[in-house]
Each structure stands twice: as C-alpha cells, then as structure tokens.
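Enquirer: Give me a model of this one.
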Amino acid sequence: MTDTSTRWQRRKDARPQEIIDAALTLFTQRGFAATKLDEVAKLAGVTKGTVYLYFDSKEELFFSAIREMVVPMLELGESRVASFEGSATELLKALTHSWVEKLLERKGVCLTKVMLSDGNQYPEIAAFYHQEVVLRGRRLFASVLDKGVASGEFRPMDTLLAARNLIAPILLYHIWLHSFAAFESSDMTPRDYVDFHLNLQLNGLRAHPERN
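Expert: Prediction:
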C-alpha cells in the first residue's frame, strides 16, 4: 500500500512538468493558436480537467513553459557573467556556446517560431516573451560587452544594439534547425556555426581587430 501511494505521489508531483513538456512540443509543432488544451492533455497522458488543476488557461500554460525552459538559462548566464574572471572575449564565447547548447537540449522546441507565427495575434504572450526573454537576454549579452568596453578590449559602442546583432543569428540558426535543416546535407555542427559567427562578430567588436 505504501509503495503504491508513493508511486502515485511521484506521478502527481511530475504532472505539471509533463503537461508543460507536452505543451512545448505542440506549441512548436502547431503554433500557439492551433494548440488545444485537450490535445496537450492527451499528449501528457492526463485529462483536460487535470490540466486546469495546474494552469488556468492556455496563456498561463505558455507563461509557465517560458519560466520553465528559458528563464533558468538566463539566470545561469547572469550568474556566470557575475562570477567570470577571464577576458570579455572568453566570456562571450563561453556564454554563446552555453546558450546554444541549452537551446539544443530541448529538441523539437523552438519558441521563437511560436512568436513569429502567433505573436501579432496574441499580443499578451508576445509582451510576456519580450519582457521575460528578449529584453533580459539582450541585457545579459550587453553586460558582457560592457565589460569588454570598460577594460579596453572592445571598442566603444552601443552595447544593447550590438547585443541584438549577436543574438539574432543564433535565433535564426535555431529556427533553421527546426525548419529547413532536414532538407540540406551539411557537415556543419552547431559549434562550427557558432565559432564562425563569433569570429566575424569579435573582429568587429575588438578595439584592435585581428588581421589574418
């Protein structure tokens, strides 16, 4: 009896995560608008009523998915920037590679695609994503550039604008992986892409660009 009760409790405790995982999969595959809560429930192996026990609406489920998937990545990055003792170049490389690796850990999930397809139709989820992810991520990368400018490693610049240009190709690559990669034959790995991207960016950021 105790074993059965314990297993039931573990299953109950895991349900919110299972529901979020199912929602993330469907949001990515179908978009926010086309995803129905009964479909989320079916994929998660629960009833629609169970979904409502944990989440008041589809919007709240999306917000929870953002907090579950993306916010911890940002928190980890902020902690890393605060404690890093190397050069700004080393920090930028480490942060960018870590960001890409974390994105790729959740295969089949690309919330940027959801924003592109449904952001205009659902401004409340777009506003939440913009505040919790876009602006926070931009400030994170800008803080690394600020360190480089302050030390003389990077030339003076608008670091928030530069951060947008650093992040955009990474997001585009993530979208490409979930859209067109299956139709191309390429030996390029995510690390290859990031290394090439950073090489281009760093030669524009450095106070004294490298000459090859």
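Enquirer: Now the residue most central in space within the chain. Nearest residue, chain neighbours left out?
Expert: Closest to where the C-alpha atoms of the chain average out (Cα atoms, centre = their mean) is Val70, at 4.7 Å. Among residues not flanking Val70 along the chain, Val133 sits closest, at 5.2 Å (Cβ to Cβ, 6 or more residues apart in numbering). Where you see a C-beta, it was placed from the backbone N, CA and C, and this is true even at glycine.
Enquirer: now that neighbour: how far from Ala44?
Expert: For Val133, the distance to Ala44 equals 24 Å [Cβ to Cβ, to the nearest Å].
Enquirer: again with Pro123
Expert: Taken as Cβ to Cβ, the span from Pro123 to Ala44 is 27 Å.
Enquirer: Equivalent analysis for Tyr54, please.
Expert: The spacing between Tyr54 and Ala44, counted by Cβ to Cβ, is 10 Å.
Enquirer: Pretty sure Phe27 sits against Ala65.
Expert: Yes - judged on Cβ atoms under 8 Å, Phe27 makes contact with Ala65 at a distance of 7.1 Å.
Enquirer: out of those two, which sits in the more crowded spot?
Expert: Phe27 (26 against 21; other Cβ atoms under 10 Å).
Enquirer: Identify the residues contacting that one.
Expert: Contact analysis of Phe27 by Cβ atoms under 8 Å, 6 or more residues apart in numbering lists 35, 62, 65, 111, 114.
Enquirer: secondary structure element for Leu103?
Expert: Using DSSP states H and E, Leu103 maps to helix 88-105.
Enquirer: do Gly86 as well
Expert: In this structure, Gly86 is located outside every helix and strand according to DSSP H and E.
Enquirer: For Lys113, see how far away it is.
Expert: 34 Å.
Enquirer: Compare the two (neighbour count), which wins?
Expert: Counted by other Cβ under 10 Å, Gly86 and Lys113 do not tie: Lys113 has more neighbours, with 18 against 9.
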